[in-house]
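In: Take this sequence and fold it.
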Amino acid sequence: MSRSPAVSLLAAVVALVLAHPAAAQSTAPASSATEFDTVVVTATGVQQWIRDAPASISVITREEIERKPVSSIGQLLSTVPGVTGGYALSGAQSKIRLRGLPEQYTLILIDGRRQGNSAGVNYRDDLGPQDLNWLSPDMIERIEVVRGPMSSLYGSDAMGGVINIITRKIAPEWGGSVTYNYSRPDASDRGDTIQLGAQFSGPLTDRLGLRVGANLTDRASDTGPRQTPGNKAENANALLNWRVTDDHTIGIEASRGVQRNMGDGEVAAWGLSKLEHTGYVVSHDGRYGDSSTSKATVVRNEYEDTGSDVGTRSKETVFDAVFNTGFDWGVPHALNVGGQWKREELRNEATIGTVPVTWTGSGRISPENEADSWALFAEDHLSLRENLTLTLGLRLDNTDNYDDNLSPRIYAVWHPSRDWTIRGGVSEGFRAPNLKQGTAGAATQSRGNGCTSLVVEGWSNRAVNADGTTGCYMAGNPNLEPETSTNYEIGAGFDRNGWSVAATYFHTDFEDKIEQVPLRDLPGFDSSFVNGYWWTVAQNIQEARTRGVEASIVVPLHERLTWTTNATRMLESKNRTTGANLLVVPKLTANSSLDLDLTEAWSLSLSAQHIGEQLVAASSNTFAKAYTTWDLATGYDVNRHLTLRAGVRNLGDTSTLEEGNNYDGGARTWFVGATARF
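Out: Got it, this is the predicted structure:
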């Protein structure tokens, strides 16, 4: 079997370094706390310098989060290389996608732990927002974005990558912050936004610490057609840490959130009218000697639709345990071993068991469904040379009703000199079908939008059902197999005296993609109509491929002025089975920012975001035009206790709808805000 160019190049790099040990030994260590002080944890589960991380990873800092108010964390993430989405406040384009893969292939974590998924609570999985905004921005220390499959470490749903939201630690002394932001569009038919947030933490005793946070975001609905509906989000969180001994800590955490979606006249609400989230966490962190640590967590997440009479809720219980140790067997090793047990439960009376006869010919089934899974994994980081690290990982996942799945990973990071980093690897990803996809009696009726991908298969809005509708039923399938992918990437980066240049080529082959197909395509059926309705069934039939290049540059123009730019160019984003382009993946995205420190206390930032041509209708092969928006923001530290900020988003009042897009990116919006610390 022929090897990918990325695999061959990676092998050549490793062989070259191993063949020249003298040169490697004469090189200074690649990282130091003074020069490369960005620490990340998501790529391996333990702390390490970002330049040594075995993955393509970006970090959104606390300062970037505070720079300007955002109605969604997705707006912040949209500026990261390899990320598409986050361009709108609601709808499909508000969702974050990594390297061209749909949002369901991105795993969202808080402090390294899963926070469940509310998609199954919606009538259709894609009709609700991503679970990115259940945490107050005041409580976020940073956000780590890992692009590319991380299934060897995190399992299912991490096929496209991982977004890990890292929260602020409990302070050694009592203190906190309060934030207020107000945003006002300069169009009379646009709704304004108020944001309130607060967090405080400190010691209760010499061994007990407490952190409490709360947040309110209230956006009024627009009133014009095709514009953005309103929403209101309220969240609260409390964490209690007990340092049992100097080496062992127990944490207990509880969170509660409510999201409401409201329309106004011609503007229809998007998502559930009222969605509630409750979360509980019990954790233990241990240290054993100088080189071994452990972490164990039990997480319970519940999502419930309380805005309707239909009983719809999902629950997820997860137990995670990992042990990290270091040893030297001729070559230094950093080994992580662990396991996971998970139970998912879903009750959706609007979808599961709603029809008396499913495509299988059986009667009604219970609207409840559940599945258990478990996993074991190991990942070893070998320091082959002072400047070369090789990561080997393997995870075994066992999910009810599906075969066991192995997800291997190999990744190398090489520093040929102090300023250069070359990295690359190969990894396998997988995603098990969700509870709806794997249930024959889970039948979602679409009025047509969910069926448009079937135009090439013969469906049209002239296929009238018995009740006069023109949509289709989309049923699950208990005979599905997990989706899998193979990811290759190779990249290089240069860092010196504030300068930074990096580029990465990525290539993902996506296998067994689950799509809805006409019932007639299944053995034993010669028609897609059952009891007068058009039926489609989930099937593993499709393959996809995404290829592209991510690049970034940081230029210190002056000791007070920095220019930062990144861009992602999609070379290919195609359904290889049908030949169709994948939806909502711009060919080119770019973000650029000029950041000026006028004084030590006063900063000014001018940024631009370019969204290239993108497909908006696969059935007619219709593309929207490229467009660029500009933002201007300024912040002033009155003193160490008070920061003021103001600015304008979408300075040129660019309309995405005028460029042919099927989403509303928002009008020119002015904002003011303040953060008080105590």
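
In: got any ranges where the stretch 551-678 of the chain has weak pLDDT?
Out: For the stretch 551-678 of the chain, the stretches with pLDDT under 70 are 580-584, 617-620.

In: where exactly do the helices run in it?
Out: Counting by DSSP state H, counting those that start in this stretch, the stretch 551-678 of the chain has no helices at all.

In: For residue 309, list the residues it contacts.
Out: Applying CB atoms under 8 Å, 6 or more residues apart in numbering to residue 309 gives no contacts. Just so you know, the C-beta spots here come from the backbone N, C-alpha and C atoms, and that holds for glycine as well.

In: Look up the closest residue to residue 517, ignoring the ones flanking it.
Out: In this structure, residue 517 finds its nearest non-sequential neighbour in residue 539, 4.8 Å apart by CB to CB, 6 or more residues apart in numbering.

In: residues of stretch 247-258 that come out buried?
Out: 249, 251, 253, 255, 257-258 (16 or more other CB atoms under 10 Å).

In: pLDDT weak spots in the stretch 251-400 of the chain?
Out: 355-365.

In: Can you tell me how far the nearest residue to residue 665 once chain neighbours are set aside is from residue 633?
Out: Using CB to CB, 6+ apart and skipping the chain neighbours, the partner closest in space to residue 665 is residue 656 (3.8 Å). Residue 656 is 21 Å from residue 633, where distance means CB to CB, to the nearest Å.

In: And for residue 337?
Out: Taking CB to CB, one finds residue 337 at 45 Å from residue 633.

In: Those two: who's more crowded?
Out: The residue with more neighbours, out of residue 337 and residue 633, is residue 633; 21 against 14, by other CB atoms under 10 Å.

In: contacting residues around residue 199?
Out: 136, 138-139, 168, 176-177, 211-214.

In: which residue ranges form the strands in the stretch 301-450 of the chain?
Out: Along the stretch 301-450 of the chain, the segments classed as strands by DSSP state E, counting those that start in this stretch run 312-328, 332-348, 368-385, 388-399, 405-414, 420-431, 443-446.

In: thinking again about what came up before, hmm, which two among the contacts of residue 199 are most spread apart?
Out: The two members of those with the most space between them (CB to CB) are 168 and 214, at 13.8 Å.

In: Residue 676: how many residues sit nearby?
Out: 15.

In: what sits against it?
Out: With CB under 8 Å, 6+ apart, residue 676 has these contacts: 177-179, 641-642.

In: Buried subset of the residues you listed, written for ChimeraX?
Out: Listed next is the ChimeraX selection for buried residues among the contacts of residue 676, using 16+ other CB under 10 Å:
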select :177,179
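
In: What is the most widely separated pair among the contacts of residue 676?
Out: Taking CB to CB, the two most distant members of the contacts of residue 676 are 179 and 641; they sit 13.1 Å apart.

In: Tell me which of the strands of the stretch 301-450 of the chain sits most buried.
Out: strand 420-431 (a mean of 24; mean count of other CB atoms under 10 Å).

In: And that strand, what does it pack against?
Out: helix 5-18, helix 151-154, strand 388-399, strand 405-414, strand 483-496 (3 or more CB pairs under 8 Å, 6 or more residues apart in numbering; DSSP states H and E).

In: mind putting the buried residues of stretch 247-258 in JSON lines, secondary structure included?
Out: JSON lines is the format used below for the buried residues of stretch 247-258 (DSSP: H, G, I helix; E, B strand; the rest coil):
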{"residue": "249", "secondary structure": "strand"}
{"residue": "251", "secondary structure": "strand"}
{"residue": "253", "secondary structure": "strand"}
{"residue": "255", "secondary structure": "strand"}
{"residue": "257", "secondary structure": "strand"}
{"residue": "258", "secondary structure": "strand"}
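
In: Which parts of the stretch 1-150 of the chain are helices?
Out: Under DSSP H, counting those that start in this stretch, the stretch 1-150 of the chain gives helices at 5-18, 21-25, 62-67, 73-77.

In: What average pLDDT does the first one get?
Out: Helix 5-18 carries an average pLDDT of 37.

In: Check the third one too.
Out: Per-residue pLDDT values over helix 62-67 give a mean of 85.

In: what comes up buried for that helix?
Out: Neighbour-count burial for helix 62-67 flags 65-67 (criterion: 16+ other CB under 10 Å).

In: How about residues contacting that helix?
Out: 76, 137, 140-143, 168, 179, 605, 633, 635, 643, 645, 675.

In: Swap in 10 Å and give it another go.
Out: 61, 73, 76, 79, 137-138, 140-143, 166, 168, 177, 179, 593, 595, 603, 605, 607, 631, 633-635, 643, 645, 647, 673, 675 (CB atoms under 10 Å, 6 or more residues apart in numbering).

In: First residue to last residue on stretch 220-239, what's the distance there?
Out: 31 Å (CA to CA, to the nearest Å).

In: likewise stretch 258-270?
Out: 15 Å.

In: in that stretch, what counts as buried?
Out: For stretch 258-270, by 16+ other CB under 10 Å, it's 258-264, 267, 269-270.

In: Okay, and the beta partners of the closest residue to residue 108 other than its chain neighbours?
Out: Excluding the flanking residues, the one nearest residue 108 by CB to CB, 6+ apart is residue 163, at 5.0 Å. Beta-bridge partners of residue 163, counted by DSSP bridges, are residue 108, residue 145.

In: okay, now the closest residue to residue 673 other than its chain neighbours: neighbour count?
Out: Of all residues not flanking residue 673 in the chain, residue 181 sits nearest, at 3.7 Å (CB to CB, 6+ apart). Neighbourhood size, residue 181 [other CB under 10 Å]: 21.

In: my read: residue 181 touches residue 670, true?
Out: No. Assessed by CB atoms under 10 Å, residue 181 is found out of contact with residue 670, at 11.5 Å.

In: Spit out the residues that contact the two alike.
Out: Common neighbours of residue 181 and residue 670 (CB under 10 Å, 6+ apart) do not exist.

In: Quick check: residue 548 touching residue 504?
Out: Yes. Applying CB under 10 Å as the test, residue 548 and residue 504 come out as touching, 9.1 Å apart.

In: Mutual contacts of these two, please.
Out: 81-82, 568.

In: I'd like to know which of those residues is nearest to residue 521.
Out: residue 82 (34.2 Å).

In: Tell me which residues touch the closest one, please.
Out: Residue 82 neighbours (CB under 10 Å, 6+ apart): 56, 58, 97-100, 145-148, 160-161, 489, 504, 506, 548-550, 566, 568, 570, 589.

In: at 8 Å what do you get?
Out: Applying CB under 8 Å, 6+ apart, the residues near residue 82 are 56, 58, 98-99, 145, 147, 161, 504, 506, 548, 550, 568.

In: in the stretch 51-200 of the chain, which spans are strands?
Out: Using DSSP E, counting those that start in this stretch, strands in the stretch 51-200 of the chain cover 56-60, 83-84, 97-98, 106-110, 113-114, 140-147, 161-167, 175-185, 193-203.

In: Can you give the contact residues for the fourth one?
Out: Contacts to strand 106-110, defined as CB under 8 Å, 6+ apart, come from residues 42, 96-98, 114-115, 130-132, 135, 150, 154, 157-158, 160-165, 167.

In: go on, the third one?
Out: Counting contacts by CB under 8 Å, 6+ apart, the residues outside strand 97-98 that touch it are 82-85, 103, 105-106, 145, 147-148, 160-161, 584-585.

In: Name every strand pairing with that strand and say which way it goes.
Out: For strand 97-98, using DSSP bridges, the partner strands are strand 83-84 (antiparallel).

In: now what about the strand it pairs with, what contacts it?
Out: Applying CB under 8 Å, 6+ apart, the contact partners of strand 83-84 are 77-78, 96-98, 100, 145, 147, 568, 584-586, 589.

In: What subset of these is buried?
Out: 77-78, 96-98, 100, 145, 147, 568, 584-586, 589.

In: correct me, but residue 615 touches residue 623?
Out: Yes. Counting by CB atoms under 8 Å, residue 615 does reach residue 623; the two are 5.7 Å apart.
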